[in-house]
Structures are given as C-alpha cells and as structure tokens.
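**Q** I would like the atomic coordinates for the input below:
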Amino acid sequence: MPPERTDQTAHTPLTASVAAPPKNSHRAGPRACRAPMSRSMPERPRPDQTEAGPQLPDPVGDPGAYGLADSRTRKRSELHGELPDYEQAASALSRMEGRVGTPVEPREHGHGARDVDDEDGFVGLEPEARSMRAHHPTLVYGLLQTEGYARAIHEVQKPVEETTSELIRNSVALRMKRQEVLTRENQVKLRVILGEAALRYPVGGDEIMREQYEKPAMLSAWGHVSIQVLPFRRGYRSANDFAILDLGDHLPPRVQIDSAWGSTHPSDKRREVDRFMRRFDAMAASALPPEDTPDFLNRLEREL
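**A** Prediction:
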C-alpha cells in the first residue's frame, strides 16, 4: 500500500480554488466567473498623452475647416451652442474659389424675421453663384424687394419677433447689398416664381406697394432676370420658399429651405437638389409666362 500523502492540496476539493460564483450567476453569463482585471494594467492614455500625429481640424470649433459645415457638423454645433458663423461659411467657400466673401443678411421665410447672427451662410454664397432659381409663395423674394418694402416687413414683425431698430437697419442695408449680384459686371442669372399671394399681401401703405410692383416689372425686362407669377389656379405648388444655386463646374449645386423656426437648411445632396428642381419646373409650367408679368403687376397696381 502506498504511503499516505501529507500534501493537503490533494484532498482540497476542486471548487475550493475557484471563487464562488455570485448570486444569480445564471443571469450574469460567463463573465461572472472571470477573475478581476489586475490593477497593474496600463490605463488607456488620455488624448493629451497620445503620440504626436497628423491633427485634423475640429469641425465644431472651426466650421470652415472642411470648406462648409455639413448637416452633421451643424447638429453637433447646435448641441454645443456653437452655431457655425455665416461669415466663416461664406469666406470658406470663397477661399476655395479664390475670392473674398461677401457679408450676408437674414433671409425671409414666410412672414418671419431672423437675426443676422443666425444666418447660415447659404445666402452669402449668392455672389459665388452662376445662376439661381427661387420660389416664394407669401412674400416678394429678397433680391426683388424695394428698400421701403423690406423695411415695412421688419417693422410689422418687430413687436412679434422682438427685433431691434438696429437689427432692422442692418438687415435692410444688407438686403439691398445682396441685390448687387444683379447689377455687377458678371451678373447672376435669376429665375423667380412668386405666388400671387406674395404680390397681393399688403405691406406698408399703397405707395410702398406701388413702388414694389414697379421694381419687378422693370427687372423682368433685363435679359438675365426672369420672373413668373403663379396665380390662384389648379396645379402643383410648393407651400415652402426655397432657392437653388448653381455654383459652377467645381462645386455641386445647393438648395436651401427655410424653417418656421427661422433656421435654414442647405443641402448639396443630388437627390434633394433634383427633388426641388422638379418642384420648380412643375410650378414654372403652371405659372404665367415671364412676358405676362409686367401686365399682371400693372393690374395689381391699378387695384390699389
């Protein structure tokens, strides 16, 4: 008979060398019996401890880092309270084209006014555009407005939107500045569709409306400007205002839509641009021909 072993571990049950499983271990799964990780394991280095390498600009801190902030960058910026500055966005594209940006002003959406600081920058790209298509169902489009009409719009909105007199002055001045794209040497080709409601909505007094009717009638005689009126008739019409910019051969076209909150939503996605192009073309087919616009405006002027 072999001698009895004195090694106490020979009689130690197998389960004695393993930590007892926690309660409800059948729900915890196989991870429940793993040994705890050693505290001597190296911690993941903090960002300031990483090795030096190529550093990409932060699109939240610098919206112009990649040219123009895309929709995802804009959402991140909104969450952090850092909306991309419209002048940075405009100058970023201007740097890509080798030109200097132009100040911009708030776009009108429906009957609402917007702070200059909230402008997205899409309007600042108007000087970079080769051609533009725009539709507005409720107001005269900004590039066609008279100074008196633009001021009267802001004045009637002032108590509702809580705007200041200084903002109104700046906004009207910048709106007039935008219109230089139609009179400069290399004019922007402009096609506008105005809903009949936009022309019948009374803004200010009769004299302001009379001047406003005269301006698009005059502009419609220019070779690079086409204005159509979409009358009250059956057919397709978009309830929202929008603008489509053709930025030339090196940049994709962009569409901008204004929301009820006063924010603008630009997109250069081909699918979105094509969708709004179809909307514009459908309304252009239903609208009066451009040559009928002066007569329509003269008739409205006589009704004052």
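**Q** Can you pull the phi/psi pair for D241?
**A** Main-chain torsions, D241, degrees, to the nearest 10: phi -80, psi 150.
**Q** Just the buried positions in stretch 296-304, please.
**A** Neighbour counts over stretch 296-304 (16 or more other Cβ atoms under 10 Å) mark 296-297, 300-301 as buried. The way it works is simple: take the backbone N, C-alpha and C, and place the C-beta from them, glycine included.
**Q** R175 versus the residue lying closest to K158 once chain neighbours are set aside, what's the distance?
**A** The spatially closest residue to K158, leaving aside those adjacent along the chain, is I168, at 6.8 Å (Cβ to Cβ, 6 or more residues apart in numbering). The gap separating I168 from R175 is 11 Å, by Cβ to Cβ, to the nearest Å.
**Q** who's in contact with the residue nearest to K158?
**A** Residues in contact with I168, defined by Cβ atoms under 8 Å, 6 or more residues apart in numbering, are 151, 154-155, 158.
**Q** what about burial for those residues, which qualify?
**A** 151, 154-155.
**Q** What is the nearest of those to V255?
**A** Checking the buried ones among the contacts of I168 against V255 by Cβ to Cβ gives H154 as the nearest, at 25.6 Å.
**Q** residues contacting the closest one?
**A** Residues counted as contacts of H154 (Cβ under 8 Å, 6+ apart) are 113, 163, 167-168, 171-172.
**Q** Now do the SS call for the nearest residue to R200 once chain neighbours are set aside.
**A** Distances taken as Cβ to Cβ, 6+ apart place L300 nearest to R200, at 6.9 Å, with adjacent residues excluded. Under DSSP: H, G, I helix; E, B strand; the rest coil, the three-state class of L300 is helix.
**Q** next one: G235
**A** With three-state DSSP as the basis, G235 sits in coil.
**Q** now the helices: where do they sit in this structure?
**A** With helices called from DSSP state H, the chain shows them at 25-28, 71-79, 86-97, 147-161, 165-178, 196-200, 206-219, 270-286, 293-302.
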